[in-house]
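Novice: For reference, the sequence and a predicted model appear below.
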Amino acid sequence: MTCRHLRESVVLFVGRCAAAVVCAALAALVVFLGARGFPSLGRELFFGDTSPMDAIFRGAPVWDALWPAVTGTFRLLVLTMAFALLPGAASGVFLACYAGRRQKYWLGLAVDTLSGVPSVVIGLFGFVLIIFLRRVLLPGATTCLVLSAFCLATLVLPSLTAATRNALESLPPGLTVTAAALGFTHNKIVLRVLVPAAGKGILGGVILAMARAAEDTAVIMLTGAVANAGSPSGLAAKFEALPFRIYYTAAQYANPRELADGFGAALVLMFLSGGMLLIAWALQRSLSGKWGGVR
């Protein structure tokens, strides 16, 4: 065996070992959480002593169970996407279809820099922002659901921008050439041809951003999430969320039952995030397969 073949074999072996380590770590995490959390899954974990029908349809209060954290997480994700979807997608469209070379460099650098900011720093930014608003404009302002959503939108904005840009730039150039030959203006090419064609990739980026927002703890811990808040009564109210519930239970559990419920909550969050990631992967794979043979 020549030296070149030996190096290739070593690189291949190391790559396979690295892939095996990643798969083994993921499998160990899933098995561990499943073994500890699956026995806790059930009606009592989500609703406690409250009837599920009363909690879901009549708004009955639920204490010491996951339903308020589930509803709080859902409302948080909806608000986060309401803040982040339009500017994130529009930024990606601008970078892919309108920006010049220098604009792409500097705006891309800004997006990459923002994506590298730790989530705890964004949480501190939200906390300082609410203090500033209390002193200058809104004396009654406090940490709340809408503030957490705004800060999470800042956190996921770079991933939305990057996903939209990558989805548009991965389309075959023939689409633009054909549309231009048919007399489409540049705006119509972008809005009526390129954006619809990249729709699955953009939607995949949206789902990835939602998964990122659903699992973050540092931001919401500093901007409005509290324990035992119940279902949020409004945008300016405190709220519960699954990642903060897991953090609080791990730090404050008083008996094995509460610890088991914490593992159950972690399993629910893992299913939620993992499901959204799989959907995003399937959509992006579908987009790649649709246009892969056109290049």
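Specialist: Right, received. Where do you want to start?
Novice: What mean pLDDT does the helix or strand hosting residue 222 get?
Specialist: For residue 222, the element it lies in under DSSP states H and E is helix 218-223. Helix 218-223 carries an average pLDDT of 89.
Novice: For residue 277, give me its contacts.
Specialist: By Cβ atoms under 8 Å, 6 or more residues apart in numbering, the residues touching residue 277 are 207-208, 211. The way it works is simple: take the backbone N, C-alpha and C, and place the C-beta from them, glycine included.
Novice: Helix or strand: which one has it?
Specialist: According to DSSP H and E, residue 277 maps onto helix 256-291.
Novice: before we move on, the earlier item: any chance of the contacts of residue 277 in a markdown table, plus neighbour count and distance to residue 110?
Specialist: Below are the contacts of residue 277 laid out as a markdown table (neighbours: other Cβ atoms under 10 Å; distance: Cβ to Cβ, whole Å):
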| residue | neighbour count | distance to residue 110 |
| --- | --- | --- |
| 207 | 22 | 24 |
| 208 | 22 | 20 |
| 211 | 22 | 23 |
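Novice: These in helices, which ones?
Specialist: Under the assignment DSSP state H, the contacts of residue 277 contribute 207-208, 211 to helices.
Novice: Quick check, central residue of the protein?
Specialist: Centroid-nearest residue in the chain, with Cα atoms, centre = their mean: residue 212, separated by 2.3 Å.
Novice: For that residue, which non-adjacent residue is spatially closest?
Specialist: Closest residue to residue 212 apart from its sequence neighbours, by Cβ to Cβ, 6 or more residues apart in numbering: residue 156 at 5.2 Å.
Novice: Run the chain-centre distance for the stretch of helix or strand the one you found belongs to.
Specialist: Applying DSSP H and E as the criterion places residue 156 in helix 145-169. In terms of Cα atoms, centre = their mean, to the nearest Å, the centre of helix 145-169 is found 8 Å from the chain centre.
Novice: separation between residue 228 and residue 244?
Specialist: Distance, residue 228 to residue 244, by Cβ to Cβ, to the nearest Å: 11 Å.
Novice: So the two - more neighbours on which side?
Specialist: The residue with more neighbours, out of residue 228 and residue 244, is residue 244; 25 against 11, by other Cβ atoms under 10 Å.
Novice: contacting residues around the more buried one?
Specialist: Per Cβ under 8 Å, 6+ apart, neighbours of residue 244: 69, 217, 220-221, 225-227.
Novice: mind checking pLDDT for it?
Specialist: For residue 244, the pLDDT comes out at 90.
Novice: for the one helix or strand it maps to, which positions count as buried?
Specialist: Of the helices and strands defined by DSSP H and E, residue 244 is found in helix 242-252. Neighbour counts over helix 242-252 (16 or more other Cβ atoms under 10 Å) mark 242-249 as buried.
Novice: between it and helix 256-291, how big is the angle?
Specialist: Angle, helix 242-252 to helix 256-291, by axes from the mean of the first three to the mean of the last three Cα atoms, to 10 degrees: 150 degrees.
Novice: centre of the chain versus helix 242-252, how much separation?
Specialist: That offset, for helix 242-252, works out to 19 Å (Cα atoms, centre = their mean).
Novice: same check, this time on stretch 37-54
Specialist: Distance, stretch centre to chain centre, for stretch 37-54: 26 Å (Cα atoms, centre = their mean).
Novice: likewise stretch 47-60?
Specialist: Chain-centre distance of stretch 47-60: 28 Å, with Cα atoms, centre = their mean.
Novice: Name the residues that touch it?
Specialist: Outside stretch 47-60, the residues that reach it (Cβ under 8 Å, 6+ apart) are 43, 46, 61-65, 67, 231.
Novice: Output it as PDB, nothing but the C-alphas.
Specialist: The C-alpha coordinates for stretch 47-60 follow below in PDB (Å, rounded to 0.1, in the frame of the first residue of the first chain):
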ATOM      1  CA  PHE A  47     -52.800  18.500  33.300                       C
ATOM      2  CA  GLY A  48     -52.300  17.400  36.900                       C
ATOM      3  CA  ASP A  49     -55.700  17.100  38.700                       C
ATOM      4  CA  THR A  50     -57.500  19.300  36.100                       C
ATOM      5  CA  SER A  51     -59.700  17.800  33.500                       C
ATOM      6  CA  PRO A  52     -58.000  18.100  30.000                       C
ATOM      7  CA  MET A  53     -61.300  19.300  28.500                       C
ATOM      8  CA  ASP A  54     -61.600  22.100  31.100                       C
ATOM      9  CA  ALA A  55     -58.000  23.100  30.600                       C
ATOM     10  CA  ILE A  56     -58.000  23.200  26.800                       C
ATOM     11  CA  PHE A  57     -61.500  24.500  26.100                       C
ATOM     12  CA  ARG A  58     -62.600  26.400  29.200                       C
ATOM     13  CA  GLY A  59     -59.300  27.800  30.300                       C
ATOM     14  CA  ALA A  60     -59.300  26.100  33.700                       C
END
